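Participant: Just need the structure, nothing else, for what follows:
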Amino acid sequence: MLSFLLFLIIMTVVVVQSAKSSSTQVEANSVLYISLGHGITEKDQKTPLDDLNLPGFAKSLGLDAILDRIEAAKEDDKIKGIYLNPSAVGTGTATINAIRSALEDFKSSGKFVYAFSDFYTQQAYYVASSADSVFMNPQGSLDFRGISSSVMFMKDALDKLGVDVQVVKVGSYKSAVEPFIQGGMSPENREQVTSYVNSLYDNMLAPISSSRKISTDSLKNIAATFAARTPEGALSSGLVDELIYKEQFIAKIKSALEIDQDKDVSTVSILDYKPSVKGKKGSGRIGVLYAYGDIIDGEGMQDNIGGDRISRELRKLRENDRIGAVVLRVNSPGGSALASEVIWREVELTKKEKPVIVSMGDYAASGGYYISAAADSIFADPSTLTGSIGVFAMIPNLQNLLNNKLGVRFESVSTSPMAEFGTAPDRPLNQEELGMMQSLVDNVYDTFLTRVADGRKMSKEAVHEIAQGRVWTGEQALGIGLVDRLGSLEDAIASAATMAEMDSYKVTKYPLSEDPWSTLFQTSKEKIKSKWIKEEMGEFSEYILELKTILGRTGVQARIPYEVNIK
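Facilitator: Residues are numbered from 1 along each chain as shown. Below is the predicted model:
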């Protein structure tokens, strides 16, 4: 009875809150407030609980919605400028680039963008540097010190637990398995990490240099000496324009709006700003299919790529005569090789019926590249992490842990010599079984090379030279033929329209958004737990969730070994 009453109370609050949020009005002479402190997903998907600040239901907004709302604000006569208030931004580099580009485009309207924060993380400052003016609290801080990529190695911990991991892989650079079998980076791994981290760094510095009129060499020196760590250093280095308190910043906003200082500033949060977005009109239609998250077998959920679900969406788009072209938006570090093959097949079939263009987000690596390879054309952000063309399988051997440390033993009766293959937890694979696994992995890798070679019009030998699990940035991938152009999702859509010979067109996003109420009741226990971990553990949550993902993987994997964050 108590649970039912609690449910009724929550539903009542939801209804009231939904009505309130849907009636948000934008007053004349308003400012759009953007903090980016909320969750940022690839595609917006709301539930009625998102705005209630309940545990496990923190606010989030899709990148597509953020870009649409900034573009709408540019044309909205009621919006006169943007108050950018980023402190920390928890998303990938390509996503940040897209937001930053949208802010630059907004400024082209002649409207102002002012940034203010008590402190800036490196990612937050990268976004803020696009503003007309950057302000900071006189006692604040600016974290500008270069970027790094770290890998957590677990070999010593596994040894202490008595767990041995048997690895079968292809590729000198397929280092997703290294944390489980050695205590540090291999030379090949360090080589590729050094290469792509420097590429990411250069791509971060160039826009800052252009916006702030500071040479990249000077920026590198500021980072190397950590000169901007103090408010005075941030000011003298030119990274911020003025050190002021918030009420002084608000006074500057009032001056920009040309209102009296005793008047309040009318603001609307980007979370609540819901304009009627004027999409492109026309007889043609382009379907944008979002595929983001780990690639897994089966249906999957909203935040991962289920092989069955995404392939079915591609099939629908192929059979829909009203859709003249398909843009596949990929943001994935990879995952199941089998699910990747299932999706690849549908891309290949769809391409025979209508143009298929891929737009890469933060990641389109390993399995993420696999599902992209067959497209007519591939667009990537300069900071996209892609490639990682290689496969691996990991088989844990728990013999020492179970037999010697826990005193647990297994005995079995089998009908054939291979009946226990891959099922006995307390013994390692023998040489014959390892040989069979290596043959399986080799076959998957050979198929992967074939898919890329056919899609990119290259020889398998040429693909192998740049494959072997090596990770590349989008900028590097352009130079070696893995992508066709550097550009945004909008660029990919425009290219699809050209290939389909559409002068005018509408864009429809897929999978189609579900009814928010049905989404609420479909929210799984695992999804709630995942959100709760992120809320409570902060930046450490990524390690817990990654370990959970690793333990849940089955079959041969085509997956990038890293998740890179600029901190």
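Participant: hey, let's count contacts and neighbours off CA atoms from now on
Facilitator: Fine.
Participant: Spit out the contact partners of Gln468.
Facilitator: Residues near Gln468 by C-alpha atoms under 8 Å, 6 or more residues apart in numbering: Val170, Gly171, Ser172, Tyr173, Lys174, Ser388, Ile389, Gly390.
Participant: low-confidence ranges in this structure?
Facilitator: For the chain, applying pLDDT under 70 flags the ranges 1-24, 46-58, 174, 277-281, 514-567.
Participant: Tell me which residue is most central in it.
Facilitator: The residue lying closest to the centre of the chain (C-alpha atoms, centre = their mean) is Asp362, at 4.7 Å.
Participant: so it sits in a strand?
Facilitator: Yes - under DSSP: H, G, I helix; E, B strand; the rest coil, Asp362 sits within a strand.
Participant: how close does it get to Pro333?
Facilitator: Noted for Asp362: a distance of 9 Å to Pro333, by C-alpha to C-alpha, to the nearest Å.
Participant: likewise Ser359?
Facilitator: Counting by C-alpha to C-alpha, the gap from Ser359 to Pro333 is 14 Å.
Participant: repeat for Gly324
Facilitator: For Gly324, the distance to Pro333 - C-alpha to C-alpha - is 29 Å.
Participant: Show me which of these two is the more surrounded one.
Facilitator: More crowded of Gly324 and Pro333, by other C-alpha atoms under 10 Å: Pro333, with 27 against 24.
Participant: Show me where the stretch 151-300 of the chain has its helices.
Facilitator: 155-161, 178-181, 187-212, 216-225, 231-236, 246-257 (DSSP state H, counting those that start in this stretch).
Participant: between those helices, which one is nearest to Ser412?
Facilitator: When those are ranked by proximity to Ser412, the top entry is helix 155-161, at 24.4 Å, counting by C-alpha to C-alpha.
Participant: mind listing what's buried in that closest one?
Facilitator: Buried residues in helix 155-161, counted by 16 or more other C-alpha atoms under 10 Å: Lys155, Leu158.
Participant: What lies in contact with that helix?
Facilitator: With C-alpha under 8 Å, 6+ apart, helix 155-161 has contacts from Asp164, Pro179, Phe180, Ile181, Gln182, Gly183, Leu401.
Participant: who wins for most neighbours among those?
Facilitator: Most surrounded of those: other C-alpha under 10 Å gives Phe180, at 24 neighbours.
Participant: Look up the closest residue to that residue, ignoring the ones flanking it.
Facilitator: Leaving aside its chain neighbours, Phe180 sits nearest to Lys155 (4.8 Å; criterion: C-alpha to C-alpha, 6 or more residues apart in numbering).
Participant: quick one: that neighbour and Glu432, what's the gap?
Facilitator: Lys155 sits 25 Å away from Glu432, going by C-alpha to C-alpha.
Participant: Please apply the same query to Arg322.
Facilitator: Arg322 is 53 Å from Glu432, by C-alpha to C-alpha.
Participant: which one of those two has more residues nearby?
Facilitator: Arg322 (13 against 10).
Participant: Identify the bridge partners of the residue lying closest to Arg322 once chain neighbours are set aside.
Facilitator: Distances taken as C-alpha to C-alpha, 6+ apart place Arg285 nearest to Arg322, at 6.3 Å, with adjacent residues excluded. Taking DSSP bridges as the rule, Arg285 bridges to Lys506.
Participant: pretty sure Arg285 contacts Ala325?
Facilitator: Yes - counting by C-alpha atoms under 8 Å, Ala325 is a contact partner of Arg285 at 7.2 Å.
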